[in-house]
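*Asks:* next come a sequence and a model predicted from it.
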Amino acid sequence: MSLNNVLITGGAGFVGSATARALAEKHPACAITIVDIRRPDSTHELPGSITFIKADVVTRHEIEEVILKVKPAVVIHTAGIVPVLGERYGRKLKDLVWKINVQGTDNVLHAAKQAGVEAFIYTSSCCAVMDDMSVPYRNIDERWPTSPSSLIYGESKAAAEAIVLQASDSTFATCALRPSVLCGPGDYQLVPAIHACIKKWETPFIIGDGLNLWDVTYVTNVADAHVLAAENLISSKTAAGEAFFIQNNEPITFRDFCLAIWAHFGHIPPFQVHIPAGLAWAAGLISEYFTWMSGAATTLSRGSVKDACSIRYANGEKAKKVLGYEARIGIEDGIRLSCEVSVFQYRQLYVYVGQVPLIKVQDYARRLRG
């Protein structure tokens, strides 16, 4: 199935730029337009044939003008905001998150439908379902309801997803993709946060039993899923009105994922200490109190303890059956590629072996590249 004219919102970002590259690779004749509030930088380089238009999805008239001008057959809406780790468990950013993730989605959806767009793919998140950290999510599927979580990100994604799926009809096919936690080049949240534990001497500590399984997905696999969804919605439309979990389908314990990241940076924890989840939760409460008193940032909180001990992995059968999706990049290669960072980005950082700064990260990255 050939795609000829596709517009991607958030196309300068992590998922959006990966999707643009995957689309250009599979459909070289397709006219691709990316819309974002900033131009792509060197972290998310794109083929020169792709057109960039500056616009903000929260400003309805701007996105309406762009979509009417481009007249795409397909809109892939990846634009959104993911609160940084320090804000994930609070509600300080609620208005901003809701404005971008829900109102912005409604603006793009309305503009696309008014312009006669045929297909609309929304980048939702597994957090639309899995953000209630009191519940273990073992091999769940799309029949699970969206989460009644109090976390603003999951709330916003569930609300926006509902708007998108309800809009699907015989002339305007929509679907939602729910990626798990992502890794890959240009990731600014997951791998950097895990890498930072080396310098803070946090790597020996295991919260809980360390056996909780997570889905982690390499970003180009998610990009492939977006292309497959676009192809489906302009042909068989069997994905119309549906949501799909997208992951590598290789659940990994959170501890093993961290160990693999640290190993790629030359670090092995010199010893291991198991901390009961209840004790860690109490320490998180104390840390929150001192953070509130001092105004400083902390990586330890009750929310981060629950996150670290949570079980979150989904069944990928629906995406495989309906979209034909299978992960091209396995988790082992995904971790390796995520750690092969540029010399420029990490020139000031160091790799630690034990407690001794041994080699600069750029030297290690050079070794990985051979």
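*Replies:* Happy to help now that I have it. Numbering: from 1, shown residues only.
*Asks:* burial count for the closest residue to Ser150 other than its chain neighbours?
*Replies:* Closest residue to Ser150 apart from its sequence neighbours, by CB to CB, 6 or more residues apart in numbering: Arg91 at 7.7 Å. Where you see a C-beta, it was placed from the backbone N, CA and C, and this is true even at glycine. Burial measure for Arg91: 13 neighbouring residues, criterion other CB atoms under 10 Å.
*Asks:* with Ile50 instead?
*Replies:* What Ile50 shows, counting by other CB under 10 Å, is a neighbour count of 19.
*Asks:* what does the one 4 residues further on give?
*Replies:* Per other CB under 10 Å, the neighbour tally for Lys54 reads 13.
*Asks:* residues contacting it?
*Replies:* Lys54 makes contact with Val35, Asp36, Ile37, Arg38, Arg39 under the criterion CB atoms under 8 Å, 6 or more residues apart in numbering.
*Asks:* could you measure from it over to Thr174?
*Replies:* Per CB to CB, to the nearest Å, Lys54 is found 25 Å from Thr174.
*Asks:* with Asp141 instead?
*Replies:* Asp141 sits at a distance of 20 Å from Thr174 (criterion: CB to CB).
*Asks:* same question for Lys237.
*Replies:* Where Thr174 is concerned, Lys237 sits at a distance of 10 Å (CB to CB).
*Asks:* ok, Ala111 next?
*Replies:* The span separating Ala111 from Thr174 equals 14 Å under the rule CB to CB.
*Asks:* the two: which has the busier surroundings?
*Replies:* Neighbour tally, Ala111 and Thr174, criterion other CB under 10 Å: the higher count belongs to Thr174, 28 against 21.
*Asks:* report the beta-bridge partners for the more buried one.
*Replies:* Here Thr174 sits in beta bridges with Phe120, as judged by DSSP bridges.
*Asks:* tell me if I'm right that it and Leu165 touch.
*Replies:* Yes: here Thr174 lies in contact with Leu165, judged by CB atoms under 8 Å, at a distance of 6.3 Å.
*Asks:* list residues touching both of these two?
*Replies:* Residues touching both Thr174 and Leu165 comprise Gly241, with contact defined as CB under 8 Å, 6+ apart.
*Asks:* show me the contacts for Glu64.
*Replies:* Glu64 makes contact with Asn107, His110, Ala111, Gln114, Ala115 under the criterion CB under 8 Å, 6+ apart.
*Asks:* what's the PyMOL syntax to select whichever of those are buried?
*Replies:* In PyMOL, the members of the contacts of Glu64 classed as buried (16 or more other CB atoms under 10 Å) are selected with the following command:
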select buried, resi 107+110+111+115
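*Asks:* just the residues contacting the host helix or strand of Asp95, thanks.
*Replies:* Applying DSSP states H and E as the criterion places Asp95 in helix 94-98. Where contact means CB under 8 Å, 6+ apart, the residues beyond helix 94-98 that reach it are Ile81, Pro83, Ile152, Tyr153, Glu155, Ser156, Ala159.
*Asks:* for the residue nearest to Ser150, helix, strand, or coil?
*Replies:* When states are read from DSSP: H, G, I helix; E, B strand; the rest coil, the local structure at Arg91 comes out as coil.
*Asks:* show residues contacting stretch 324-339.
*Replies:* Defining contact as CB under 8 Å, 6+ apart, one finds that stretch 324-339 is touched by 183-185, 187, 191, 216-218, 220-221, 224-225, 228, 244, 246-250, 252, 257, 260-261, 264-265, 316, 319-320, 368.
*Asks:* if we go to 6 Å?
*Replies:* Residues from elsewhere that reach stretch 324-339, judged by CB atoms under 6 Å, 6 or more residues apart in numbering: 183-184, 191, 218, 220-221, 225, 228, 248, 250, 252, 260, 264, 319.
*Asks:* report the two of those separated the most.
*Replies:* Across these, no pair lies farther apart than Leu228 and His264, at 29.5 Å, counting by CB to CB.
*Asks:* neighbour-wise, which of those two wins?
*Replies:* Neighbours of Leu228 and His264, each counted by other CB under 10 Å, are more numerous for Leu228; the result is 24 against 21.
*Asks:* mean confidence score for the helix or strand hosting the more buried one?
*Replies:* When elements are defined using DSSP H and E, Leu228 is found to belong to helix 219-233. Mean pLDDT, taken over the full extent of helix 219-233, equals 98.
*Asks:* name the next helix or strand downstream of it, please.
*Replies:* Past helix 219-233, further along toward the C-terminus, the next helix or strand under DSSP H and E is strand 242-246.
*Asks:* who are the packing partners of that following strand?
*Replies:* Counting by 3 or more CB pairs under 6 Å, 6 or more residues apart in numbering; DSSP states H and E, the packing neighbours recorded for strand 242-246 are strand 173-179, helix 317-323.
*Asks:* pick the most deeply packed of these.
*Replies:* Comparing these by mean neighbour count (mean count of other CB atoms under 10 Å), strand 173-179 comes out on top with a mean of 27.
*Asks:* from the chain's centre, how far out does it sit?
*Replies:* Taking the mean of its C-alpha atoms, strand 173-179 sits 14 Å from the chain's own mean (CA atoms, centre = their mean, to the nearest Å).
*Asks:* relative to strand 242-246, how tilted is it?
*Replies:* Taking axes from the mean of the first three to the mean of the last three CA atoms, to 10 degrees, one finds that strand 173-179 is oriented at 20 degrees with respect to strand 242-246.
*Asks:* how many other residues sit next to the closest residue to Asp224 other than its chain neighbours?
*Replies:* Taking CB to CB, 6+ apart as the measure, Asp224 lies nearest to Ala22, with 5.5 Å between them; neighbours along the chain are not counted. Residue neighbour count, defined by other CB under 10 Å, stands at 21 for Ala22.
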